[in-house]
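[1] heads up, no residue letters with this:
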C-alpha cells in the first residue's frame, strides 16, 4: 500500500532495498531512538543494525520528506484486521514542532477510511507514548520493555 502525501508539503517516498535507503532509515532510527535505548542498555551498533535490517525486510518503510529535506521514516502496513504503524522516527531537529502529530493524524485518517484499527508499539519509557494517547490510542498489552497500543477506527 502506498502512503498518500500530506499537503501542502509532506511527501512519503517508499524506500527500496537499496543499501543507501537501508542506511538512511537506520540513521533515522539511531538519531531518534538511541537516547531512549541507552536509558536501559548500552547502544550496540551491530545488534541495532541487524534488528533494523530484519524489520526493514518485513515492513514497508517510507521516507518522510519536506521539499528536499529528509525528516525521518515510518512504516504503514495494511493487514487483514488492522493497520500496523511503526518505525516512526523523526530526526531530533524535527521533533516537538507538530510534524509528528500531523503525520500521525494523516495516517489515522487513512486507517479510518479503511475501517481498520491501528496498532503500534513503543518503549514504555519513551515520551512518544503521550503523543499516541493524545490521538486516542489505548494500551492493549505490555511487556517489560514495550507497550502495545491500539486505536479503533473512527467510522462516520
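    Nice, I can see it. Please read these numbers as outputs of a predicted model, since none were measured by experiment. Numbering: from 1, shown residues only.
[2] What residues sit buried inside stretch 63-70?
    Neighbour counts over stretch 63-70 (16 or more other C-beta atoms under 10 Å) mark 63, 64, 65 as buried. Where you see a C-beta, it was placed from the backbone N, CA and C, and this is true even at glycine.
[3] Which helix or which strand is home to the closest residue to the last one other than its chain neighbours?
    Which is residue 65. Nearest residue to residue 65, sequence neighbours excluded (C-beta to C-beta, 6 or more residues apart in numbering): residue 11, at 4.6 Å. In the assignment (DSSP states H and E), residue 11 maps to strand 10-14.
[4] what's in contact with that strand?
    For strand 10-14, contacts defined as C-beta atoms under 8 Å, 6 or more residues apart in numbering pick out 2-6, 60-66, 71, 74, 76, 99, 102-103, 106.
[5] for stretch 130-139, same thing?
    100-101, 104-105, 108, 118, 120, 122, 147-152, 154.
[6] would you list every one of the strands in the chain?
    With strands called from DSSP state E, the chain shows them at 10-14, 61-66, 69-78, 83-90, 118-123, 138-142, 146-151.
[7] Just give the nearest non-adjacent residue to residue 104, would you?
    Per C-beta to C-beta, 6+ apart, closest to residue 104 is residue 135, 5.5 Å.
[8] what number of residues lie near that neighbour?
    15 (other C-beta atoms under 10 Å).
[9] Name the member of the buried residues of stretch 63-70 with the shortest distance to residue 128.
    Checking the buried residues of stretch 63-70 against residue 128 by C-beta to C-beta gives residue 64 as the nearest, at 14.9 Å.
[10] if we can go back for a sec, now list the buried members of the contacts of strand 10-14.
    In terms of neighbour count (16+ other C-beta under 10 Å), the buried residues within the contacts of strand 10-14 are 3, 6, 60-65, 71, 74, 76, 99, 103, 106.
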